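> Okay, here's the prediction I keep looking at, along with the sequence it came from:
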Amino acid sequence: MPNKLLFLELRRIVAAEFFPNRCPFCYNVIGATQYYCDACYRHLPFVMGKSEPPPNISRIYACCRYMRRVRGAVYMLKFRGLIYPADAFALMMSRMLEGVNADMLIPVPSSRRSVRKRGFSTAEILAKRISIRLGIPMVCAVKADPDKEEQKTLSVKERYENAKRSFFLDSRYDVRGKRVLLIDDVSTTGSTLAAIAGLLREAGAADVSAAVFAKTPDYVRRSRDHKLYRIVRRDKGENNA
Ligand SMILES: [Zn+2]
């Protein structure tokens, strides 16, 4: 076990002496070495099989469908500012990603406004933990424009265009020839991942995949995805859409 991982786990066990660990899915107190309770784990809406990735992404890895108690746990992390769901999410994502071929993990940056509100970037917290577990370096090579609009209220087309304007690559990092794995907590329409992957590919990345803890169920996503594919193709000037 790498030293950093040992430290991460020990810190959690010691912290549990003062603030007991909680299951992110039901909020019940769990053991010092546990990350979630067994009953919740048995009922999580796991994603089975491969998912259709958003445009510009070669493969998307997702642990769960964004529904039921998964939504609640993500809410605790994103909007209540509680960190403990991130430990469970990162553990489950790391298990899913074991053996993945990637040279770097890049967290999807949060808009400054939301980071300010909650005090941390959720994707970065996940990527840091996954990086320690898998031994793949985390590189914060994508930055968010501080004036970025929140995506939540926009349509698919607006989301994609807003996302394209909202991110830029930090020139200190070279992604040429690299196999990149984007990390985020949730993907709903895939437009943010598609826009960032487009930037990375233009900058010469050899491959861009993505891993999220949760994504919207396929039956909702599929119809939106087709729309997103059309928008991306039109944007690239491909008229066979
Ligand atoms: Zn539970």
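Received it, and whenever you're ready, just let me know what you need.
> what's near enough to touch the closest residue to Pro217 other than its chain neighbours?
With sequence-adjacent residues excluded and distances taken as C-beta to C-beta, 6 or more residues apart in numbering, Pro217 is closest to Arg65, at 4.7 Å. In this view, the C-beta of every residue, glycine as well, is placed from N, C-alpha and C. Contact analysis of Arg65 by C-beta atoms under 8 Å, 6 or more residues apart in numbering lists 45-47, 214-217.
> so the residue nearest the centre of the chain, which of the three states?
A centroid search over the chain (C-alpha atoms, centre = their mean) returns Asp184, at 1.2 Å, as the residue closest to the centre. Here Asp184 takes the strand state, with states given by DSSP: H, G, I helix; E, B strand; the rest coil.
> next structured bit after the lowest-mean-pLDDT helix or strand in the chain?
The helix or strand of the chain with the poorest confidence is helix 112-118; it has a mean of 64 (mean pLDDT, DSSP states H and E). Toward the C-terminal end, the helix or strand that comes next after helix 112-118 (DSSP states H and E) is helix 122-134.
> quick one: contacts of that following helix?
2, 4-5, 8, 77-78, 83, 86-87, 89-91, 93-94, 97-98, 100, 105-110, 136-138, 140, 183-185, 211, 213.
> Which ones, among these, also lie beside the ion?
Counting by C-beta under 5 Å from the ion, the subset of the contacts of helix 122-134 that neighbours the ion is empty.
> measure stretch 107-126 end to end?
As for stretch 107-126, its first-to-last residue distance stands at 8 Å under the measure C-alpha to C-alpha, to the nearest Å.
> again with stretch 28-41
13 Å.
> nearest spatial neighbour of Tyr27, skipping sequence neighbours?
Nearest residue to Tyr27, sequence neighbours excluded (C-beta to C-beta, 6+ apart): Met76, at 7.9 Å.
> list the contacts for the one you found?
Listed by C-beta under 8 Å, 6+ apart, the contact partners of Met76 are 24, 27, 82, 84-85.
> Lowest pLDDT pick from these?
Lowest pLDDT within the contacts of Met76 is found at Leu82 (80).
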